[in-house]
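J.: generate a structure from the sequence data that follows.
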Amino acid sequence: MKPGVIVMTELHGPVADRLRELQRRYDPRMAAELPPHITITGSSGMGPFPPETTDGELRAALERIAAETPPFFVRLEPPTRFMQSTVVVMTIEPNGPIRALHERIKSSGLSFEQPRFTFTPHATLSFYPELSRDRLRELLRVRIIDPVVIDSIQAYRAIDLTRTQKVLDLPLTGPT
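T.: Just a heads-up that it's a prediction; the model follows:
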């Protein structure tokens with residue numbers, strides 16, 4: 001992970017359990033590092049917040065956004081290789097409430113690094129290993145049809161290339 005701070009939404013319930021099961025099977029290292037989540041900032045649409053961004057600055061900006069944003073549902077698309085890499089993700093429709101949340105964070109006044117990719121919110125299934133053709137084909141056949149609730153945001157600070165620390169956890173409490 002690039003140094004800095006990213007924003008995600010941790011998932012819970014049956015869909016999170018299924019994602020955790022898939023991650024443990026196809027990428028146990030990743031499964032041990034982070035809970036199942038959808039990445040909102042840090043890898044696409046906007047890069048991570050710089051490492052010198054303080055927890056207080058994050059809280060001041062993100063608390064307001066969380067208070068203005070109501071919980072919402074998204075659906076996970078079938079797995080795909082992310083930007084033709086060996087990383088396997090399940091994307092979600094990048095428009096609607098997830099885009100609005102992303103844009104609120106992007107325009108919060110916090111500085112951020114340049115993004116590497118266009119906005120592509122996603123749940124990562126396999127990050128570290130290069131899967132064999134058979135295992136990749138098996139993973140790409142997975143389907144999750146239940147909707148996923150987005151009801152909180154978390155900020156994680158990269159400690160080094162493989163370790164992160166949660167520095168903020170905020171419920172989405174905006175009016176519905």
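
J.: helices along this protein, start to end?
T.: Along the chain, counting by DSSP state H, helices occupy 14-26, 28-33, 55-68, 97-106, 133-140.

J.: any chance of the ones you listed in CSV, plus distance to residue 165, mean neighbour count and mean pLDDT?
T.: Just so you know, the C-beta spots here come from the backbone N, C-alpha and C atoms, and that holds for glycine as well. CSV is the format used below for the helices of the chain (distance: least, C-beta to C-beta, whole Å; neighbours: other C-beta atoms under 10 Å; pLDDT from 0 to 100):
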stretch, distance to residue 165, mean neighbour count, mean pLDDT
helix 14-26, 19, 17, 97
helix 28-33, 11, 14, 92
helix 55-68, 10, 16, 97
helix 97-106, 19, 17, 96
helix 133-140, 29, 13, 96
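
J.: can you get me the start-to-end distance on stretch 17-36?
T.: 8 Å (C-alpha to C-alpha, to the nearest Å).

J.: list the contacts of the nearest residue to residue 127 once chain neighbours are set aside.
T.: With C-beta to C-beta, 6 or more residues apart in numbering as the criterion, residue 127 has its nearest non-adjacent residue at 4.6 Å, and that residue is residue 30. Counting by C-beta atoms under 8 Å, 6 or more residues apart in numbering, residue 30 touches 23, 124, 126-128.
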